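1. Please work out how this folds:
(one chain, ligands or ions: 2)
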Amino acid sequence: MAGALQVLKFRRDLSTKIKTSSTSIMSQQEEAKQIFMTGVTSVLPPSMLGRNLVVKDNCGSSVLQCGGREFSLHKNLYLVGFGKAVLGMAAAVEKIVGKHLLQGVISIPRGMQDTMKHAKKWEMLLPLDSRIRVMEGAEHNLPDKAALAAAREIKTLAEKLSEKDLLIVLISGGGSALLPAPVPPLNLRDKQMITKQLAEKGANIHELNTVRRALSQLKGGGLARAAYPAQVVSLILSDVIGDNLDIIASGPTVFCTQKKQECLQILSKYSLLDSVPKVLEQALLNIPQAPANNGFSHVHNFLIGSNLIALKEAEKKSLEVGYHPLVLSTCLNGDVKKVARFFGLLAQIVCAIITCRPKEKLLEQEILVLANDLSIPDLNISEKLLTLRASGTVESVCILCGGETTVLVQGKGKGGRNQELALRVAQEWHKSSYDLKGCEVLFLSGGTDGQDGPTEAAGGFAYPSMVAHAQENGLDAESFLDHSNSNTFLSRFQDGRYLLNTGLTGTNVMDVQVLLIRKTKND
Ligand SMILES: Nc1ncnc2c1ncn2[C@@H]1O[C@H](COP(=O)(O)OP(=O)(O)OP(=O)(O)O)[C@@H](O)[C@H]1O
Ligand SMILES: O=C(O)[C@H](O)CO
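-> Ligands and ions are numbered 1, 2, ... in the order given. The predicted model follows:
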């Protein structure tokens, strides 16, 4: 009888423990999502443009204020734009400048307006009486005839402007494919072929866009030259690591030199010099000579949205919900498996610090080697851990990171780099002998555009016993990962509770990771 009572008590205790732990996972999940969404909201078009663009009307004269400068408005304002987030950016600008805008053309991905209508994102759409013409193209992020037509319209508009005019240029990720203007005698097909070959050989976005810049009439400062002598105010949303303005959408308003040599070096690095179209050499000779830098004094480039801006807002939110924030890096990149190990280790190191366990010397060494291996430039991990250790009283930590990992897709599964990273972090905690005792830990990885790879989800969540819980339900994380099938795993596990669903957001500043570690209350 006593034995039976004991078993009953054990079961009751166990079920209370599981309930408590699942309640704490859910509350951390909610906190992580709030922190992530605060970051995303700060780089949505209405907030970004609201912060950066102001019109002051005073006694019949009006000025546009932007980046600490003023531009006078007198029936002289035009707008062009290209990129995945440009529809919402154009809508926000038109709301701010109103009747001052005379004419505009934007080039955006095919289907974007319908997508925004279905998502009921009315603030991302232009009004029916808008002065901005919308042209859709570049299906699957590849330059096509529709994008070529849009690029021509944009060029024509820019070229007709005089020194009295002011041209606002809206730029966001995806802009390269939406603004093709091949240098003759290259044609669109040649351009498509070169871009595709480079991408397939594994060229990174810096290399890809260096070549694109060299082969385009509008990229690499070409659009700013076309608009000369009009004043150009370029408002840029960064989707690249490092926020280099000459790389984002291949820098159509950014001064750039040395095109030919760099382009040849990259093609040679990927052994493509012999397989690219023969007309390429001729095109390289036809590249317009860049004027001296002061030839760009009519251009004002402003970075108005970036991963860092999102992380800074997320940082404020994490403080508000009771965490000590640590912004680690906006340049997180590299193989998703190594990045997963990095977050796995970090959770344990931080957990040891906040529960006052002895220093995890070996793990700290390993994480330094990993960070070095991943060559993340702005990651000063030793110093950050030292500060955390020195603070002594911290019991809840929120680590924030941003960037873009690389996934080697294998098999025919459905997934994205954020869902894959979340599942791999969970797998790390499961398979290795991690000691997270005394801590509640939750990880989130999400794409700020709201779409992770070719899936409906924005990303995923992970917690330490997730893989064990899934196993109890017959789901083996490892075999899903072997087939790049993270989305299917997360959809099946607990009815998709650990998928991050936001819907399309209308912005894109790469991916964001949130790692929450807090000391368990009753420990
Ligand atoms: N089954 C899969 N599992 C994991 N990752 C995948 C899978 N299929 C595609 N991906 C990844 O998804 C990415 C492409 O998706 P997505 O369009 O969101 O990224 P992107 O090209 O960086 O565009 P954006 O900047 O708009 O996010 C690629 O990095 C690819 O490796
Ligand atoms: O359009 C592009 O070139 C990429 O999205 C990087 O900005």
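2. In the stretch 251-400 of the chain, where is pLDDT below threshold?
-> 258, 287-294 (pLDDT under 70).
3. Which residue ranges of it form strands?
-> For the stretch 251-400 of the chain, applying DSSP state E, counting those that start in this stretch gives strands covering 299-305, 324-335, 396-406.
4. who in the chain is up against ligand 1?
-> 84, 173, 239, 407, 409, 413-417, 420, 447, 449, 451-454, 484, 486, 508 (CB under 6 Å from any ligand atom). All C-beta spots, glycine's among them, are computed from the backbone N, C-alpha and C.
5. Run through the residues you listed and flag the ones next to ligand 2.
-> Counting by CB under 6 Å from any ligand atom, the members of the residues of the chain next to ligand 1 near ligand 2 are 173, 239.
6. Report the closest residue of the chain relative to ligand 1.
-> residue 415 (2.8 Å; CB to the nearest ligand atom).
7. Same question for that residue, what's its three-state structure.
-> coil (DSSP: H, G, I helix; E, B strand; the rest coil).
8. What's the per-residue pLDDT of it here?
-> With respect to pLDDT, residue 415 scores 96.
9. Please shift the residue numbers so they start at 16 in all later answers.
-> Done: numbering now begins at 16, and the last item shifts to residue 430.
10. Got the domain ranges for the chain?
-> 62-196+231-270+305-320, 323-534 (automatic domain parsing).
11. Redo the strands of the stretch 266-415 of the chain as a markdown table? Include distance to residue 484 and mean neighbour count.
-> Shown next, in a markdown table, are the strands of the stretch 266-415 of the chain (distance: least, CB to CB, whole Å; neighbours: other CB atoms under 10 Å):
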| stretch | distance to residue 484 | mean neighbour count |
| --- | --- | --- |
| strand 314-320 | 38 | 21 |
| strand 339-350 | 27 | 21 |
| strand 411-421 | 23 | 22 |
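12. Just tell me which of these ends up closest to residue 378.
-> strand 411-421 (15.0 Å; CB to CB).
13. From the chain's centroid, how far away is that closest one?
-> 12 Å (CA atoms, centre = their mean, to the nearest Å).
14. Partner strands of that strand and their direction?
-> Taking DSSP bridges as the criterion, strand 411-421 sits next to strand 339-350 (parallel), strand 526-534 (antiparallel) in its sheet.
15. For residue 161, give me its contacts.
-> Residues near residue 161 by CB atoms under 8 Å, 6 or more residues apart in numbering: 125, 150-153.
16. so which of those is the most crowded?
-> Counting neighbours by other CB atoms under 10 Å, residue 153 leads the contacts of residue 161 with 26 neighbours.
17. Which pLDDT does the model give that residue?
-> 93.
18. cool, the one 4 residues further on as well?
-> The predicted local confidence for residue 157 comes out at a pLDDT of 86.
19. Can you report how many residues lie near the nearest residue to it once chain neighbours are set aside?
-> Leaving aside its sequence neighbours, residue 157 sits nearest to residue 192 (CB to CB, 6 or more residues apart in numbering; 5.7 Å). Using other CB under 10 Å, residue 192 is surrounded by 27 other residues.
20. Now do residue 192, the pLDDT please.
-> Looking at residue 192, its pLDDT is 95.
21. What of residue 75?
-> pLDDT for residue 75: 83.
22. What parts of the protein come near ligand 2?
-> Counting by CB under 6 Å from any ligand atom, the chain sits next to ligand 2 at 188-191, 220, 224, 254-255, 263-265.
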